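Trainee: Pasting the sequence and the predicted model now:
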Amino acid sequence: MGTLSDYVGSGFCEMNAASGPREHYAALVDRFDDFDLTALETRAHLIESLFRRQGITFATYAEEDLERTWPLDLVPRIIAADEWSNIETGLTQRVRALNAFLHDLYQGNQEIFRDRVLPRWLVESSPGYMPEATGIPVPQGGRCVISGIDLVRDGEGVYRVLEDNLRVPSGISYVLENRVAMTRVLPQAFSRYRVRPVAHFGASLLRALRSLAPPGVDDPVVVILTPGVHNSAYFEHAFLARLMGVELVEGRDLAVDGRVVYARTTQGLSRVDVIYRRVGDEFLDPVVFRPDSLLGVPGLMSAVRAGNVALANPVGNGAADDKGIYPFVPRIIEYYLGEEPILPNVTTYLPWEPDELDHVVENLGTLVMKPVAESGGKGIVFGPNCSEAELEEVAATLRADPRGYIAQEVIQLSTHPTFIDGRLAPRHIDLRPFVLSGADGIEVVPGGLTRVALREGSLVVNSSQGGGSKDTWVLAD
Amino acid sequence: MQISLRYVTHFVYSTPVWESHNSLRACPVDGDGQRLLDYQLRIAPDVPVYTYTDSWGTRVDTFDVPQAHSELVVTATASVETTAPALPISGPFSGTADIGYIEDHWLFLQPTRHTRWSEQLTSAAKEAMYASTDVVEIALGIQRVVGDTIEYRPGATEIGIDPERIWEERAGVCQDFAHLTVGLLRSVGIAARYVSGYFYASDPTNAGASETDEIRVATHAWVEVAVPEWGWWAIDPTNASPVGERHVKIGHGRDYDDVTPLRGVYYGQSDHHLAAEVTMSTTRIVNESVPGVVLAAEQQ
Amino acid sequence: MLSRHAENLFWIGRYIERAEDTSRLLDVTYHGVLEAGSERSVDEVWSEALEMLMLEDEGIEVVGHHVGERLIADRTEPGSLVSTVARARENALASREWLSSEVFEAINSLHISLATTDLAHAARDRPYEVLRNIKTSCQAINGSVDSAMPRGEGYRFFMVGQQTERALITSRVLRVWHRRLGQVASHAAFSEWVLLLRTVSAYEAYLRVHRASMEESQVLSFLVQYPEFPRSVNHCLGRVESLLVELAAGDDTRVRRQAGLLRSTVEYTELGSLGRGGLGDFLATIESGLLDLAESVEQTYFRPTGPVYLHSYEAF
């Protein structure tokens, strides 16, 4: 008997084709057949104790969460070289186009509006659009410095972009921690594959950040700006600071003098050139944004405007990862790059287009409705779960406020064997690859964070809602 | 009309403060029916001023005072040539059917912190419309309702009170008149923006000051309405009048937050020790070589 | 080093020292009250304990041993042991990269052990055990700092905090005892001196130097001036002085001069020549000198421009 060779998947299975294991999974199936379920259980416990010992948790150190370790599944997700190469090219293309769009929007002549490719009102309705960022210089390539682009695989196995995260995407620290843990727990499996490493991420991130330094700075000083220990991603902020060997600062550690940013040290003020900030736009500078923010740095925006310091990511990226803009990204790619989009979107309908409104209303029961101006999953209506009466209510809302929503087809995410309650069972997964963009080009970290919906049949993969993760192996040629 | 004006804000701190970062929007706009002839800014302590134009087209002067200081004086002087703008005769209003109007004026149709409306305000606005389909008529109707309902009372509110409370308390200052009017207009689908500026009159409700008087005023606020097939039309709800040559525009935005005349932060030793004196005087220039502007302190 | 980290380390040093000294003082107070059988009431003894902990102005109501339980377990009381340790741990979290993982884990475990057990019950039921555990944990943390932290800025700021707090506690305890003994009798009972020495962990060290001879001048001189006793004010100030020299950070001439002057005053003043009133004044001067020094350390290294509050304003 074999633990993986007896496995029966469901939906689009990442591991098995109709005829049996896909070629790039064969060695893994083979390796897992050396284990019985008890051996797997032992290894699952080993992962948990490794993470607990190192304090790899989320929601940091709040008393009630002390024991809540990061959930990593034992079965890695494997992506074949040619498959990855397509994803990599597609992500690079997408980020290049989004860089160009943000540049046009804040620093250029907003030609995309004049050419009627994208309606201006749509951008203006986005809560992430920041008029305050207009005219602020950003170096070439320095818009989407760090982005996390969420991909899903539909019932036919096609990779589609579900969402762009261009503000402060998190999760990269877990990609690195997952890999370290897996090499300890399943060393033999690695020996059967040539898995592309992720360990150089720190160096790549640092290089991208340093490439954005103001002109004339030879040895730029980079810092990470965190909201503080009470932030739920503080673990990651501290992790990245250690990884890059840079200082982790809070707003009060920085001062602005003569439109230059300095760190307050015991030896006096010490200049800072690039800030990788994990603080939201609205909180960055109380002179310009929320006056009650204590997380930011007074005067920071004047230093940024003067070009004396670079922010990664810069202010205003939210205008490009908004739900209302998302349906237009394929057109944005065609418009700025003159290329066909490599990675398709999930099919999306715009209720403000009269013929699309009719289609949406007729098919409400099979669609997901998402409010344009809300974030964090707020106000999402899942058609298949609605009663007739509820659907009628939604239809009325859409007709009254067609600009308030977009509608998307429901994607049945691909599934992957996952070790749950002592056995291997199919669970839905997605993928968040991380893309780095700097003055010297775009780099995609091989793999990314594979998130798993641990509940049977569930499509919700968020770790805050009980999702798990997988180490993601991208194979070398 | 040629108007010269002087804007002075004087901060006195009970104990020294430091690392003050400030941004000023006090410079009259060059355009929108007026011509900027001269603008000077002096900061004491003497620190460099950096200037940019924000996305609304308003000039922003930023300045920092890093060292410890007990006083900060901001003095801006400007000369402007103003003209009385033409009045629109009519502007056909087709409400939500005019997709082009909505999409072109999206930002100025949305509720904001200072302009959000409730059903109560929407029905008040609808009542003021008298079923009219003309933006000019509707705007005048709403302006009249605001004037009839709200009493001008200096110091009646702090900035930040939303229109609902202004409506209930029936009193406010010019910023409140402007925010309430903007909110009412937007609630029935008419695009409106908030304007910050100066008004040459002995007090913001008295338009009758003699042209040669030297008078003290505060900064003023009014409203611009998007009239279809015509453009932005300025009205002054505080004075229940159109905007004329006594109005000097600084800039416009979605609401007060986009054109706050002066805002900033500083470090200091405790709370509540700011004594701000805002003094502003407006005078008609008789002879440019005559300096003489009387500055009197006025607690704001 | 970021000023914020330096400040956090300084305060971790102070909080851990304070927690250790508080638990010892409470322990001795429980013992003292029970064993002494003196003419003093329980409430008097506890009021005096509050004063020795510099908590006399905190509005803590004195109702017998209840005050001791509050000083151990009351989370709403900023001067309690549980609060002091919580603040040390909060600072440790924020500056974790400057602590060795052993030190961090030791602080974290102490915090968790106080936060998760039914401390109030334990404080009522078996205060000695609770206090001994806290004291031992603090000593272990200090030991770990000593053996595992590299001698860089982080270590030095921690030690400056620890030594400053220690000197403050010693001088305050002395002041309170001196005042009371001055009122009661010129020749206090042997047991009173023993209690004083035990409060600042000096009993055994004193015996080794002076045998069983308990003279007021000898005890005072030992606790203030004796250079080889690690809790004497003189010894602590000597450490602070040399740590500041090693730090050589920022514009520190003033604070170094201040530490040096205070130490030489402590070391070279002829205590015997001061008389009873003069001695009280002298102890008060040392205490305010130490408080000024702590304030200067903060101003010099952590907040070059003074205490920081951010104000925002808008003007029409």
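Mentor: Looks like it came in fine.
Trainee: which parts of the helix or strand of chain C with the lowest mean pLDDT are buried?
Mentor: None of the helices or strands of chain C scores lower by mean pLDDT, DSSP states H and E than strand C:309-315, at a mean of 80. Across strand C:309-315, burial judged by 16 or more other C-beta atoms under 10 Å in any protein chain shown covers C:310, C:311, C:312, C:313, C:314, C:315. C-beta: built from backbone N, CA, C; applies to glycine.
Trainee: Stretch A:226-235 too?
Mentor: Going by 16+ other C-beta under 10 Å, stretch A:226-235 has these buried residues: A:226, A:227, A:229, A:231, A:233, A:234, A:235.
Trainee: Just name whatever secondary elements the least confident helix or strand of chain C is in contact with.
Mentor: strand B:2-24, strand B:262-268, strand B:274-284 (3 or more C-beta pairs under 8 Å, 6 or more residues apart in numbering or on different chains; DSSP states H and E).
Trainee: which of the buried residues of strand C:309-315 sit farthest apart?
Mentor: Using C-beta to C-beta, the two most remote members of the buried residues of strand C:309-315 are C:310 and C:315, lying 17.1 Å apart.
Trainee: element containing the closest residue in space to residue A:444 that isn't next to it in sequence?
Mentor: Spatial nearest neighbour of residue A:444, chain neighbours left out: residue A:88 (4.7 Å); criterion: C-beta to C-beta, 6 or more residues apart in numbering or on different chains. Here residue A:88, judged by DSSP states H and E, is contained in helix A:81-106.
Trainee: The helix or strand that comes right after that helix and chain B, any residue contact?
Mentor: The helix or strand immediately downstream of helix A:81-106 is helix A:111-114, counting by DSSP H and E. No - Helix A:111-114 is not in contact with chain B by C-beta under 8 Å from any C-beta of the partner chain; minimum separation 10.4 Å.
Trainee: what helices or strands is helix A:111-114 leaning on?
Mentor: Counting contacts by 3+ C-beta pairs under 8 Å, 6+ apart, helix A:111-114 is packed against helix A:81-106, helix A:329-337.
Trainee: Indicate whether stretch A:199-207 makes contact with chain C.
Mentor: No - Stretch A:199-207 lies out of reach of chain C by C-beta under 8 Å from any C-beta, never closer than 15.2 Å.
Trainee: mind checking pLDDT for residue B:153?
Mentor: With respect to pLDDT, residue B:153 has a value of 85.
Trainee: how about it, what does it touch?
Mentor: B:171, B:172, B:173 (C-beta atoms under 8 Å, 6 or more residues apart in numbering or on different chains).
Trainee: try residue C:227
Mentor: Here residue C:227 is in contact with C:234, C:235, C:238, C:267 (criterion: C-beta under 8 Å, 6+ apart).
Trainee: circling back to that earlier point, out of the helices and strands packed on strand C:309-315, which is the most enclosed?
Mentor: Compared across those, strand B:262-268 shows the largest average neighbour count, a mean of 22 (mean count of other C-beta atoms under 10 Å in any protein chain shown).
Trainee: ok, it: who's next to it in the sheet?
Mentor: strand B:2-24 (antiparallel), strand C:309-315 (antiparallel) (DSSP bridges).
Trainee: want to try a markdown table for these, with distance to residue A:325 as columns?
Mentor: Formatted as a markdown table, the strands paired with strand B:262-268 follow (distance: least, C-beta to C-beta, whole Å):
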| stretch | distance to residue A:325 |
| --- | --- |
| strand B:2-24 | 29 |
| strand C:309-315 | 32 |
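Trainee: What number of residues are in the vicinity of residue 160?
Mentor: Because you didn't say which chain, this covers chain A. Neighbourhood size, residue A:160 [other C-beta atoms under 10 Å in any protein chain shown]: 16.
Trainee: Chain C, not that one
Mentor: 28.
Trainee: ok, is the biggest helix by length in chain C in contact with chain A or not?
Mentor: What stands out as the longest helix in chain C, according to DSSP state H, is helix C:3-36. Yes - judged by C-beta under 8 Å from any C-beta, helix C:3-36 and chain A are in contact via C:3, C:4, C:6.
Trainee: Does chain B have contacts with that helix?
Mentor: No - judged by C-beta under 8 Å from any C-beta, helix C:3-36 and chain B are separated, with a smallest distance of 13.8 Å.
Trainee: What is that helix packed up against?
Mentor: By 3+ C-beta pairs under 8 Å, 6+ apart, helix C:3-36 packs against strand A:260-265, helix C:42-52, helix C:66-73, helix C:81-94, helix C:127-148, helix C:153-184, helix C:190-199.
Trainee: Can you check what angle separates it from helix C:81-94?
Mentor: 160 degrees (axes from the mean of the first three to the mean of the last three C-alpha atoms, to 10 degrees).
Trainee: Quick one: the helices and strands packed on strand C:309-315 as TSV, columns for distance to residue C:31 and mean pLDDT too.
Mentor: Converted to TSV, the helices and strands packed on strand C:309-315 look like this (distance: least, C-beta to C-beta, whole Å; pLDDT from 0 to 100):
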stretch	distance to residue C:31	mean pLDDT
strand B:2-24	47	88
strand B:262-268	48	89
strand B:274-284	54	50
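Trainee: from the buried residues of stretch A:226-235, which single one is nearest chain C?
Mentor: Set against chain C, the nearest of the buried residues of stretch A:226-235 by C-beta to the nearest C-beta is residue A:229 (5.0 Å).
Trainee: so the closest one sits in a strand?
Mentor: No - looking at residue A:229 with DSSP: H, G, I helix; E, B strand; the rest coil, it is coil, so not inside a strand.
Trainee: Next one: it from chain B, what distance?
Mentor: Relative to chain B, residue A:229 is positioned 23 Å away (C-beta to the nearest C-beta, to the nearest Å).
Trainee: Am I right that that residue is in contact with residue C:92?
Mentor: No - Residue A:229 is beyond contact range of residue C:92, at 10.0 Å (criterion: C-beta atoms under 8 Å).
Trainee: List the residues that contact residue 73.
Mentor: Just going to use chain A. Counting by C-beta under 8 Å, 6+ apart, residue A:73 has contacts A:418, A:419, A:452, A:468, A:469, A:470.
Trainee: um, chain C though
Mentor: Contacts of residue C:73 (C-beta under 8 Å, 6+ apart): C:80, C:81, C:82, C:119, C:120, C:122, C:123.
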